[in-house]
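**Student:** Provide a 3D model corresponding to the input given below.
(2 chains)
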Amino acid sequence: MGQPWELTLAEASAMICKGTLSPVELTRSVLDRIAAAEPRVLAWARPLPEQAMADAERLDWLLRQGTYLGPLHGIPVGIKDIYYTAGVETSGGSKILAGFVPAFDATVVRRLCESGAILLGKTATTEFACLDPAPTRNPWNPAHTPGGSSSGSAAAVAAGMCPGAFGTQTGGSIVRPAAFCGVVGLKPTYGRVSRHGILALAWSLDHPGPIARTVRDVALLLGAVAGPDPHDPSAAAEPVPPYAEGLEAAPRGLTAGIPDRYFPERSNPAVATCFQEAVRVLEKIGMRIRGVKLPDCFEAGVEAGRVIMHAEGAAYHRDWFRSRAEEYGPKLRALIEAGLLIPAASYLRAQQVRSAAMTAMRRLFTEVDALITPATIGPAPEGLASTGDPVLNTPASTFGLPALGLPMGFAPSGLPLGLQIMGRPFEEATVLRVGAAYEAATPWHNQRPRL
Amino acid sequence: MSGKREESRMTMEPPEQVRQWIHELLGVRLEEDRAGRPLGAWAVLGPALAAVHEATFPVDTEPATLLVVPGVDEPQSQGGGGDAA
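**Tutor:** So this is what the prediction gives:
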C-alpha cells in the first residue's frame, strides 16, 4: 500500500471497517497531502485541520467502543464553500458574504457528519457558484482552469487532498470540473438531494452532488445524503436504493442512446475520437448502442434554462445588488443585470418550454436506458479567466436528469477528457451501473496528476 | 404560433420601461453604470428569450414544477455582510 491519501474512498472505507486503517491515520495523511499540494492547486477556501483531527480522534474512539457508523466512518470530505457549515465561515467565494458564519449545517453536511464523515474544509468556488473564477488551478497543468463552479472540490479530489467532496451544478458545475480534472462527478436528479442550507444560484436548477475518484466512491457519498428533507420541499420522497450495491453487474441488456445532434457537432476532434472508443468499450461489455433523435423542442428547452438561470439568479441577488453592486464580479453582475430585465411572462414561458422539453425527454427514455455523450467539448482551456464551456452539461441540469461524468481518456496535451452518462429521473442506480462497468473496463481512473 | 416572430424581435432589446423600473427599484441606471455591459449580457440572453418565445408547445402546458423559492432560513434573512442582512 502507498500512503493513505492515495486510497480511493471505498478502499479507505474497507480498511477502516476492518481496523487496518484508523480515521486519525487517514486524516493525518490527507492533511500532509494538503500541506504538500495546496500551494500549487489552491483548492481550499478554508481548510479545517484542527477540527478535522478532533473529529478523527472522536471517530477513532467510537470505533474502539464498537460503534461503526457505516461506510463513511472516518472519511475526510471537502465541501464547496456554498454549503452552510455551522460555526464555519461560508462566503461562497464572494465579498458579499465575507465573514458570514451560518448557525446551522446544510442538510447534506449534517447527513455526512451523521454518517461518520469528517469535514476536512471548505473548497474554493467561483463567486456564488456562477462564472467569476476561483483561484484554483488544474492539478494536471496549473496553467489551465480546473473548471467550475465546483473548482476546489474537483481539484482537491484529483490532487489526492481528499477522497471525496461535494459540489453543486446549476449549468455544468459538477460534471465539467470533474471531466477537466480527471475524476468522477455525479449530478443527481433534481430533488434527489436536499438543497437546504446551500446558497442558491437558481433555485429550480441547483443540484448538490458528489465528486470522487471512482464511481463506487460517488455512489457511497450519494447514498449518505439522498432522500427527502422537511426543510426542502423540492427534495423528493422517492426511495433511496443502496447505490453502491450491484455495481459489479454487467450492463447487459441495457441500451445506450447516442444523440443525433447538439452534442456531436460541439465536440472537438480529440473528444470525438475518445468518445468513439468509449462507445466501442460499452458495446464490448454488453450494452446495446443506438442513435436517437432528440426531441424537436430540445434546443428551445436548453435556451429556456438560460432564461431561468438569469431570472432566478437576479431574483436571489436583488436585495444585495441594490446596495452593493460594485462588490460583485463582472460576470455575475452582468447575469444579474440582464436577469432583472426579464419580464415575468417570459420567465413563466421559459418554465413552460422547459416543462414541454422535460416531458419529451422522458418519452425518449422509454426507448433507451441511458444517453451517452462527451462530458465537455474539449479539455480544460488554458488560463484561469474562464471555467470552460458547460454547453454539454446544461441539458441534464435544465431537465433535471441524473448525469455522471467519468474519465474517458486524455487529449494530446495530456489533459483529461470525460464521458457523460445521463439517465431517467431518479435512476441514478442505472447510470452508476453503466459508469462502473465502463470504469472497470478502462484504465483512465487510475491515472493521477504528477504534483 | 402567429405573432411570435414579432414578439421575439421585441425581446432582443431590454424594454426602456423595464430599464426605468430597474432604475427606480434598485437605483441602478444600467446605461450609465455599466458602459454597455447590460446590453452585452442581453446579447446572450436575447436569443435565448427569442427561442423561448418562438417555441411551440401545447397551450395547456404547465410551467415546470421545479419552481421553489427560498425559505426563511436563506442568507438574506440570516445575515451576511453589511446591510444585506
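
**Student:** what about A:Pro443, neighbour count?
**Tutor:** A count of nearby residues for A:Pro443, using other Cβ atoms under 10 Å in any protein chain shown, gives 9. (C-beta placed from N, C-alpha, C; glycine too.)

**Student:** contacting residues for it?
**Tutor:** For A:Pro443, the contact set (Cβ atoms under 8 Å, 6 or more residues apart in numbering or on different chains) is empty.

**Student:** likewise A:Lys331?
**Tutor:** Listed by Cβ under 8 Å, 6+ apart, the contact set of A:Lys331 reads A:127, A:130-132.

**Student:** Pipe those residues into JSON lines and attach pLDDT and neighbour count per row.
**Tutor:** Formatted as JSON lines, the contacts of A:Lys331 follow (pLDDT from 0 to 100; neighbours: other Cβ atoms under 10 Å in any protein chain shown):
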{"residue": "A:Glu127", "pLDDT": "98", "neighbour count": "25"}
{"residue": "A:Cys130", "pLDDT": "96", "neighbour count": "30"}
{"residue": "A:Leu131", "pLDDT": "92", "neighbour count": "22"}
{"residue": "A:Asp132", "pLDDT": "95", "neighbour count": "21"}
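
**Student:** Just give me the closest of the residues you listed to chain B.
**Tutor:** Nearest to chain B among the contacts of A:Lys331: A:Leu131, at 11.1 Å, using Cβ to the nearest Cβ.

**Student:** and the two most separated of the contacts of A:Lys331?
**Tutor:** A:Glu127 and A:Leu131 (7.8 Å; Cβ to Cβ).

**Student:** In terms of helices and strands, where is the residue lying closest to A:Arg363 once chain neighbours are set aside?
**Tutor:** Leaving aside its sequence neighbours, A:Arg363 sits nearest to A:Pro295 (Cβ to Cβ, 6 or more residues apart in numbering or on different chains; 7.3 Å). Using DSSP states H and E, A:Pro295 maps to neither a helix nor a strand.

**Student:** quick revisit: any residues in contact with both of A:Glu127 and A:Leu131?
**Tutor:** A:329, A:331-332.

**Student:** What about those, which are in helices?
**Tutor:** Mapping the shared contacts of A:Glu127 and A:Leu131 onto helices (DSSP state H) picks out A:331-332.

**Student:** mind checking how far A:Gly121 is from A:Ala45?
**Tutor:** 8 Å (Cβ to Cβ, to the nearest Å).

**Student:** more crowded one of these two?
**Tutor:** Just comparing A:Gly121 and A:Ala45: by other Cβ under 10 Å the higher neighbour count belongs to A:Gly121, 29 against 25.

**Student:** Just say helix, strand or coil for that one.
**Tutor:** Here A:Gly121 takes the strand state, with states given by DSSP: H, G, I helix; E, B strand; the rest coil.

**Student:** Touching, it and A:Met53? I think so.
**Tutor:** No - A:Gly121 lies out of contact with A:Met53 (Cβ atoms under 8 Å); the separation is 12.0 Å.

**Student:** about what we covered before: output the contacts of A:Lys331 as a markdown table; include the columns secondary structure and distance to chain B.
**Tutor:** Below are the contacts of A:Lys331 laid out as a markdown table (DSSP: H, G, I helix; E, B strand; the rest coil; distance: Cβ to the nearest Cβ, whole Å):
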| residue | secondary structure | distance to chain B |
| --- | --- | --- |
| A:Glu127 | helix | 13 |
| A:Cys130 | coil | 12 |
| A:Leu131 | coil | 11 |
| A:Asp132 | coil | 13 |
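
**Student:** Burial check on A:Ala250, number of neighbours?
**Tutor:** Close neighbours of A:Ala250, defined as other Cβ under 10 Å, add up to 14.

**Student:** thought it was touching A:Ala436?
**Tutor:** No - between A:Ala250 and A:Ala436 there is no contact under Cβ under 8 Å: 9.9 Å.

**Student:** and A:Lys284, how many neighbours?
**Tutor:** 9.

**Student:** And A:Trp61, how close does it get to A:Asp229?
**Tutor:** Separation of A:Trp61 from A:Asp229 (Cβ to Cβ): 29 Å.
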